[in-house]
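> Fold the stuff below for me.
(one chain, ligands or ions: 2)
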Amino acid sequence: MPDTRHTRLLIIGSGPAGYTAAVYGARAMLEPILVQGIQPGGQLTTTTDVENWPGDSSVMGPDLMARMESHAREMGTDIITDMITALDLSSRPFTATGDSGTVYTADAVVLATGAQAKWLGLPSEEKFKGFGVSACATCDGFFYRGKEIVVVGGGNTAVEEALFLTNFASKVTLVHRRDSLRAEKIMQDRLFRNPKIEVLWNHTPIEIQGDDTPPGVTGVKVRHVETAEEQVIPCAGFFVAIGHAPASELVKDQLTLHNGGYVWVEPGTTRTSVPGVFAAGDLTDHVYRQAVTSAGMGCMAALDAEAFLSAQE
Ligand code: FAD
Ligand code: NAP
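Numbers count the residues shown, from 1 in each chain. Ligands and ions are numbered 1, 2, ... in the order given. Predicted coordinates:
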């Protein structure tokens, strides 16, 4: 018999959205269970300085998330290290199955599973993942001391990763498919001022080149988007920073989605297409995708869940 646990409010995900929902849910005496998933603390644990969390002009991402976890725990949330592998939203109580074998039943669910890094989809990218290809500069930058690195992307993540990698690399080339960045202006200024960074405009990577024994990257072949001219940039590390995709796999056949996989919510609320199921953070937001907006939506989700449960009773 699997271990079964019932809760009034199950929160799936431990980023800013999940932990904020937990703080509000616990304070509403819902005694929530929060399942952390494979990345306790969420995406901010993969970065260094966060400079736009109100109240902290600079805070380390992992520290901020550790504080959120403590806050949620102190308020009375049961925080569980597990990953939900199946979710049945067809009848109440809803049923979630954990990788641990535990089955969670819940009167209401807050989905806060966030987003995951996107990859280019090149076979050579797959081949060298973990051997020079990475999507996390804070995790892997240290391995490239004194070496050359290529970063692909043009958003805040790519710029932030390129800047961070200059702490280790002898040179960082940022490859972007257009001739302007979508990163914030303040980030662009820092990028353009950094003497270790070169930007290669209007190019896309087409092949990661490397050795087989021992496995390792030696360069990236890129192609000009208009002229189709190709060149190889020598490097030991290739960092993919082209955005994130919502982690909606668990619910893609059960809830209404929008904009290529984000969970749809009734405008101005966190109510999904199934009553009693609420969504918050990057999982539902294809526009803002910030820690503070995710936390705000986590608050809304707990309040919406509390109103739903009160109406049921
Ligand atoms: P996430 O942080 O993505 O967390 C998702 C959670 O869901 C994780 O805990 C994961 O383990 C869990 N999960 C997923 N699937 C399951 C499952 N099946 N079962 C259980 N749990 C599951 N924003 C800013 O405001 N300022 C910044 O400076 C900033 N810097 C960033 C730097 C980087 C490198 C990146 C990648 C993002 C940055 N962002 C920043 C964006 C910010 O991190 C996100 O907007 C925010 O983390 C989204 O929060 P979330 O709670 O929706 O989800
Ligand atoms: P993003 O803003 O979606 O940017 C993705 C970038 O990758 C874009 O420049 C895009 O090019 C490029 N790209 C996408 N697919 C590509 C492909 N197949 N090949 C080559 N290039 C490709 O994603 P993000 O930078 O990860 O940011 C996500 C969210 O987190 C944003 O809201 C961002 O503000 C937030 N964030 C904030 C901070 C901060 O505040 N300090 C830090 C990191 C992230 P195009 O420009 O041509 O579309």
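
> give me the number of residues near whatever residue of the stretch 51-200 of the chain ends up closest to ligand 1?
Ligand 1 sits closest to G114 of the stretch 51-200 of the chain, with a gap of 2.0 Å, by C-beta to the nearest ligand atom. (Glycine included, C-beta is placed from N, CA and C.) When neighbours are defined as other C-beta atoms under 10 Å, G114 has 27 of them.

> Pretty sure it sits against G42.
Yes: between G114 and G42 there is a contact at 5.3 Å, judged by C-beta atoms under 8 Å.

> Find residues that contact each of those two.
Both G114 and G42 are contacted by G13, G15, under the criterion C-beta atoms under 8 Å, 6 or more residues apart in numbering.

> and G18, what does it touch?
By C-beta under 8 Å, 6+ apart, the neighbours of G18 are I11, I12, L34, Q36, G42, V110, A112, A280, G281, G298.

> buried set for the helix or strand where it lies?
For G18, the element it lies in under DSSP states H and E is helix 16-27. For helix 16-27, the neighbour count (16 or more other C-beta atoms under 10 Å) marks P16, A17, G18, Y19, T20, A21, A22, V23, Y24, G25, A26 as buried.

> and if you look at stretch 99-108?
T102, V103, Y104, A106, D107, A108.

> do it and ligand 1 meet?
No: judged by C-beta under 6 Å from any ligand atom, stretch 99-108 stays clear of ligand 1, getting no closer than 8.1 Å.

> any idea which helix or strand comes after the lowest-mean-pLDDT helix or strand in the chain?
When the helices and strands of the chain are compared on mean pLDDT, DSSP states H and E, helix 137-140 comes out lowest with a mean of 83. Sequence order places strand 148-152 as the next helix or strand after helix 137-140, per DSSP H and E.

> Any part of the following helix or strand past that following strand near ligand 1?
Downstream of strand 148-152, the next assigned helix or strand under DSSP H and E is helix 156-165. Yes: Helix 156-165 reaches ligand 1 (C-beta under 6 Å from any ligand atom) through T157, E160.

> Within range of ligand 2, give me the residues from the stretch 1-150 of the chain.
Counting by C-beta under 6 Å from any ligand atom, the residues of the stretch 1-150 of the chain that sit close to ligand 2 are N52, L120.

> where does the stretch 1-150 of the chain have low pLDDT?
1 (pLDDT under 70).

> what does stretch 135-144 rub up against?
Identification of contacts with stretch 135-144 by C-beta under 8 Å, 6+ apart yields 46-48, 61, 117, 119, 134, 151, 160-161, 164-165, 167-169, 236-237, 239-241.

> what does stretch 52-59 give?
By C-beta under 8 Å, 6+ apart, stretch 52-59 touches D49, V50, E51, L64, Q290, A291, V292.

> May I see the residues you listed organised as JSON lines, with secondary structure, neighbour count and distance to ligand 1 added?
Shown next, in JSON lines, are the contacts of stretch 52-59 (DSSP: H, G, I helix; E, B strand; the rest coil; neighbours: other C-beta atoms under 10 Å; distance: C-beta to the nearest ligand atom, whole Å):
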{"residue": "D49", "secondary structure": "strand", "neighbour count": "13", "distance to ligand 1": "7"}
{"residue": "V50", "secondary structure": "strand", "neighbour count": "20", "distance to ligand 1": "4"}
{"residue": "E51", "secondary structure": "coil", "neighbour count": "10", "distance to ligand 1": "6"}
{"residue": "L64", "secondary structure": "helix", "neighbour count": "20", "distance to ligand 1": "9"}
{"residue": "Q290", "secondary structure": "coil", "neighbour count": "17", "distance to ligand 1": "4"}
{"residue": "A291", "secondary structure": "helix", "neighbour count": "25", "distance to ligand 1": "4"}
{"residue": "V292", "secondary structure": "helix", "neighbour count": "14", "distance to ligand 1": "6"}
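
> tell me which of those residues is nearest to G216?
D49 (29.5 Å; C-beta to C-beta).

> Out of the contacts of stretch 135-144, list just those in helices.
Residues of the contacts of stretch 135-144 located in helices (DSSP state H): G61, E160, E161, F164, L165.

> Tell me, how many residues neighbour the last one?
By the measure other C-beta under 10 Å, the count of residues near L165 is 26.

> oh, and call the first residue 27 from now on, that's how I've got it
That works, and once the first residue is 27, the last one we named lands at L191.

> just the residues of the stretch 227-339 of the chain that are near ligand 1, which are they?
So the stretch 227-339 of the chain meets ligand 1 at A273, L276, G307, D308, L309, R315, Q316, A317, V318, S320 (C-beta under 6 Å from any ligand atom).
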